[in-house]
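> no letters, just coordinates:
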């Protein structure tokens, strides 16, 4: 129960890593503002199931991170509850089919950056003011091993690298307010995105992995719990690679 009585926010939590983070946070006693793109009956039912199972509160919040006004409204809705926010996990992200750099349109690069980087920075600005007033908080960004090795296409790799640069700067500025800022860099993970590559590309990726397997979403979620909890109270400006020993 590392997050018992914590008020938390998790974005992009309707599937994959985000969904695992949502459940693992609930399992550890956190109340969660679960930010997803649009209302979905299946997701709503899933949240109710988690609330009943773990005796926590989960509030679905609907935000399209490609629309600035919706980001503002989503943050406003969360902050209207007048609760201190202890943890923010920025997990939202999109990826496009693999293309070579010279054939990638600038429109596609801008679109991925808008969601994977700019929208998250804007949302974090809005939420951080709450943490600053309370002199405490943990912000966790989900980056990617591609930020280090360019293992995905240009727009995804670059946007995830930009996140790490932002983490370093935010940690410097917010440390005086008791706010920690870190990132997780997952390697190849057993999600829809991680399973979308060709059999040959997957085999090559696993050969570069010391543990010779994909990560499980729950293993990434455990890292998010650690960085969100007081177990990591003296850790900031760091990138925790959860990649099975990617070489």
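Thanks, I have it. Note that this is a predicted model, so its numbers are computed, not measured.
> got any ranges where this protein has weak pLDDT?
Counting by pLDDT under 70, the chain contains low-confidence residues at 192-198.
> and with 90 instead?
By pLDDT under 90, the low-scoring segments of the chain are 95-100, 149-152, 188-209, 211-215, 245-247.
> any idea how far the residue most central in space within it lies from residue 221?
Closest to where the C-alpha atoms of the chain average out (Cα atoms, centre = their mean) is residue 91, at 1.8 Å. From residue 91 across to residue 221, the span is 10 Å (Cβ to Cβ, to the nearest Å). The C-beta positions use only the backbone N, C-alpha and C, and glycine is treated the same way.
> shared neighbours of these two, which are they?
By Cβ atoms under 8 Å, 6 or more residues apart in numbering, residue 91 and residue 221 have these common neighbours: 17, 21.
> hang on, the earlier thing: for the residue nearest to the centre of the chain, give me phi and psi.
Main-chain dihedrals, residue 91, degrees, to the nearest 10: phi -110, psi -10.
> and it, what does it touch?
Contacts of residue 91 by Cβ under 8 Å, 6+ apart are 10, 11, 12, 13, 17, 18, 21, 142.
> and for residue 8?
Residue 8 sits next to 25, 30, 31, 32, 33, 85, 86, 87, 88, 89, 228 when contact means Cβ under 8 Å, 6+ apart.
> hey, what's the fourth one bridged with?
Looking back up the chat, that one is residue 32. For residue 32, the beta-bridge partners under DSSP bridges are residue 8, residue 58.
> list the contacts for it?
8, 9, 10, 13, 22, 25, 26, 56, 57, 58, 59.
> excluding residues flanking it in the chain, which one is nearest the third one?
Nearest in space to residue 10, with sequence neighbours left out and distances taken as Cβ to Cβ, 6 or more residues apart in numbering, is residue 89 at 4.6 Å.
> check for me that the one you found belongs to a strand.
Yes - under DSSP: H, G, I helix; E, B strand; the rest coil, residue 89 falls within a strand.
> surely it is in contact with residue 9?
Yes - assessed by Cβ atoms under 8 Å, residue 89 is found in contact with residue 9 at 6.8 Å.
> what do the two both touch?
If you check residue 89 and residue 9 against Cβ under 8 Å, 6+ apart, no residue is contacted by both.
> circling back: ok, the residue nearest to residue 10 - contacts?
8, 9, 10, 11, 18, 21, 25, 140, 142, 224, 228.
> name the residues of the helix ranked longest in the chain that are buried.
Counting residues, the longest helix found in the chain (DSSP state H) is helix 154-174. Neighbour-count burial for helix 154-174 flags 154-164, 166-167, 170-171, 174 (criterion: 16 or more other Cβ atoms under 10 Å).
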